[in-house]
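Undergrad: just coords:
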Ligand SMILES: Nc1ncnc2c1ncn2[C@@H]1O[C@H](COP(=O)(O)OP(=O)(O)OP(=O)(O)O)[C@@H](O)[C@H]1O
């Protein structure tokens with residue numbers, strides 16, 4: 001065990017200020033939003049390392065991590081073990097929602113009564129059959145019923161876990177949220193919800209969306225946003241960091257912590273949109289023909305109304321024979337009634 005003041009992120013990683021604060025939080029529930037590649041899973045792994053190595057999660061209590069997909073649950077378990085070793089890492093239970101629900105059902109099955117009662121050798125199948133079989137969709141609500149009806153079950157969960165991680169929380173359904181609330185609402189367990197919301201850019205101002213807002217209200221969770229994108233080249237990360245320094249100064253990294261010179265950014269001025277379109281088409285052609293960049297790896301972003309702003313550019317691409325895809329057009333087509341019908345049919349076959 002080490003004192004809290006001596007803890008530093010394991011494996012020498014540099015965490016951005018909000019990730020470091022989140023990893024070391026000892027008193028509040030957290031609602032942490034971030035875009036892809038921001039290091040959400042890494043922050044959870046470092047938080048587990050902090051909680052276990054400093055005994056903030058005091059033996060024999062454990063950390064419960066709930067993810068949506070099996071590979072995400074396995075990834076977090078493996079990363080925590082890499083960070084703090086197999087012994088301490090064994091005190092993290094990383095489950096999917098359904099695996100967590102199944103454990104509760106198996107452990108406290110006798111609590112289920114009447115139409116919900118289940119035999120010990122019940123199975124999970126396509127149909128619900130009284131006493132003998134439940135469906136996948138029944139699992140989370142049945143676990144919730146157990147927790148709500150049995151003080152012993154509720155206390156057992158609360159005594160076992162002092163800290164709870166909720167990964168990919170933007171995908172949390174009403175049933176799953178109800179289970180979390182039944183288990184931990186009003187308890188002393190500290191919850192850390194992380195996820196990727198499209199509105200994450202507003203997270204710094206405390207503006208949360210949907211389930212994150214509900215969670216923040218119900219659990220008085222402190223909102224934090226992560227800004228870094230570890231999958232971006234360092235030059236782009238420094239540019240992102242310059243923007244963070246203006247939007248949310250305390251959350252910016254020291255530029256010296258972003259190592260490397262890969263990636264490039266250029267500001268190009270053109271006399272008019274015609275010249276701009278030709279310039280961009282020539283640059284794309286050069287990237288594809290001379291630098292071996294695949295066209296599918298090149299993105300052109302416009303701030304609004306692609307069909308108006310890109311007419312000249314599309315004409316220039318057509319003139320040079322450059323293949324392109326208009327994402328707006330694809331999305332608009334997908335929202336046509338006929339396309340929705342075809343999509344619904346293919347999903348149901
Ligand atoms: N502080 C850090 N320093 C260096 N590399 C990091 C750091 N945090 C994360 N990474 C690396 O960046 C990549 C993305 O991290 P991670 O998987 O934790 O992000 P994520 O936000 O969970 O991603 P996704 O949104 O795709 O699920 C990984 O390769 C990870 O090892």
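TA: Received, thanks. Source: prediction; values computed, not measured. Residues are numbered from 1 along each chain as shown.
Undergrad: So residue 268 sits against residue 282, correct?
TA: No - Residue 268 lies out of contact with residue 282 (Cβ atoms under 8 Å); the separation is 11.3 Å. To be clear about C-beta, it is placed using only N, CA and C from the backbone, and glycine gets the same treatment.
Undergrad: So between the two, which is more surrounded?
TA: Legend: neighbour count by other Cβ atoms under 10 Å for residue 268 and residue 282, higher for residue 282 (13 against 8).
Undergrad: how about the more buried one, what does it touch?
TA: residue 320 (Cβ atoms under 8 Å, 6 or more residues apart in numbering).
Undergrad: Would you mind measuring from it to the ligand?
TA: Noted for residue 282: a distance of 34 Å to the ligand, by Cβ to the nearest ligand atom, to the nearest Å.
Undergrad: same check, this time on residue 78
TA: Going from residue 78 to the ligand by Cβ to the nearest ligand atom gives 12 Å.
Undergrad: Which helix or which strand is home to that residue?
TA: helix 70-89 (DSSP states H and E).
Undergrad: what are the pairing partners of the next helix or strand after that helix, and which direction each?
TA: Going down the chain from helix 70-89, the next helix or strand is strand 92-96, by DSSP H and E. In the sheet, strand 92-96 lines up against strand 62-67 (parallel) (DSSP bridges).
Undergrad: Pull the residues that contact the partner strand.
TA: Counting by Cβ under 8 Å, 6+ apart, 44, 48, 51-52, 57, 73, 76-77, 91-97, 100, 160-168, 180 sit against strand 62-67.
Undergrad: of those, buried ones?
TA: 44, 48, 51-52, 57, 73, 76-77, 91-97, 100, 161-168, 180 (16 or more other Cβ atoms under 10 Å).
Undergrad: Would you mind listing what in the stretch 51-200 of the chain touches the ligand?
TA: Selection of the stretch 51-200 of the chain residues close to the ligand by Cβ under 6 Å from any ligand atom yields residue 196.
Undergrad: Return the distance of residue 65 relative to the ligand.
TA: Distance, residue 65 to the ligand, by Cβ to the nearest ligand atom: 13 Å.
Undergrad: for residue 112, same thing?
TA: 35 Å.
Undergrad: which residue packs closest to that residue, ignoring adjacent ones?
TA: Among residues not flanking residue 112 along the chain, residue 118 sits closest, at 5.6 Å (Cβ to Cβ, 6 or more residues apart in numbering).
Undergrad: Which stretches in the stretch 1-150 of the chain count as helices?
TA: 17-23, 40-53, 70-89, 97-108, 139-149 (DSSP state H, counting those that start in this stretch).
Undergrad: among those helices, which is the most enclosed?
TA: helix 40-53 (a mean of 25; mean count of other Cβ atoms under 10 Å).
Undergrad: Mind giving me the packing neighbours of that helix?
TA: Counting contacts by 3 or more Cβ pairs under 8 Å, 6 or more residues apart in numbering; DSSP states H and E, helix 40-53 is packed against helix 17-23, strand 30-34, strand 62-67, helix 70-89, strand 161-166, strand 190-195.
Undergrad: and the angle for that helix with strand 30-34?
TA: Here helix 40-53 points in a direction 150 degrees away from that of strand 30-34 (axes from the mean of the first three to the mean of the last three Cα atoms, to 10 degrees).
Undergrad: mind giving me the domain split of this protein?
TA: Domain assignment of the chain by automatic domain parsing yields the ranges 4-231, 266-349.
Undergrad: Could you take these and lay them out as a markdown table, with extra columns for distance to residue 257?
TA: Below are the domains of the chain laid out as a markdown table (distance: least, Cβ to Cβ, whole Å):
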| stretch | distance to residue 257 |
| --- | --- |
| domain 4-231 | 5 |
| domain 266-349 | 24 |
